[in-house]
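[1] Test case, fold it:
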Amino acid sequence: MQLSKETVQYVAHLARIELKDNELEKLSHQLKDILDFIDKLKSLDVKDISPTSHILPLNNVLRDDTPANSLPVDKALANAPQAEKNFFVVPKVIE
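    Below you'll find the model as predicted:
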């Protein structure tokens, strides 16, 4: 796949990344190699291969989801820097 320096510079501009000339040259070659490898992977026939998320057969060990009593409001607010009624008071973020 062809990848020009101008394309890499344009993408770097969109990503707000400042590249020097030597970095631009190196990155152009590296990205070209990556895209060539992806093209090579696209040519493989994988229709008979089932999708996997991991190379080894792993299973998550999950606990049972059983309901329990919640933390009482007074304990939840005990260490709060500022509380009002049954709520935490936080500084306003939006101007």
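[2] For the rest of this, base every contact and every neighbour count on C-alpha atoms.
    Will do.
[3] Can you spell out which helices and strands pack onto the helix or strand that contains Leu35?
    With secondary structure defined by DSSP states H and E, Leu35 is part of helix 21-42. With contacts defined as 3 or more Cα pairs under 8 Å, 6 or more residues apart in numbering; DSSP states H and E, the packing partners of helix 21-42 are helix 5-14.
[4] give me the low-pLDDT residue ranges for this structure?
    The model of the chain has pLDDT under 70 over residues 1.
[5] Pick out the residue closest to the middle of it.
    By Cα atoms, centre = their mean, the mean C-alpha position of the chain lies nearest to Ala15, the distance being 15.6 Å.
[6] Would you list the phi and psi of the residue of the chain positioned farthest from its centre?
    Most distant residue from the mean C-alpha position of the chain: Lys85, 37.8 Å away (Cα atoms, centre = their mean). When read as degrees, to the nearest 10, the backbone of Lys85 gives phi 60, psi -120.
[7] and the helix holding Leu35, which residues are buried?
    For helix 21-42, a neighbour-count test (16 or more other Cα atoms under 10 Å) marks Leu24, Leu27, Ser28, His29, Lys32 as buried.
[8] Turn the residues you listed into TSV, columns for distance to Val61.
    Conversion of the buried residues of helix 21-42 to TSV gives the following (distance: Cα to Cα, whole Å):
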residue	distance to Val61
Leu24	46
Leu27	42
Ser28	44
His29	44
Lys32	42
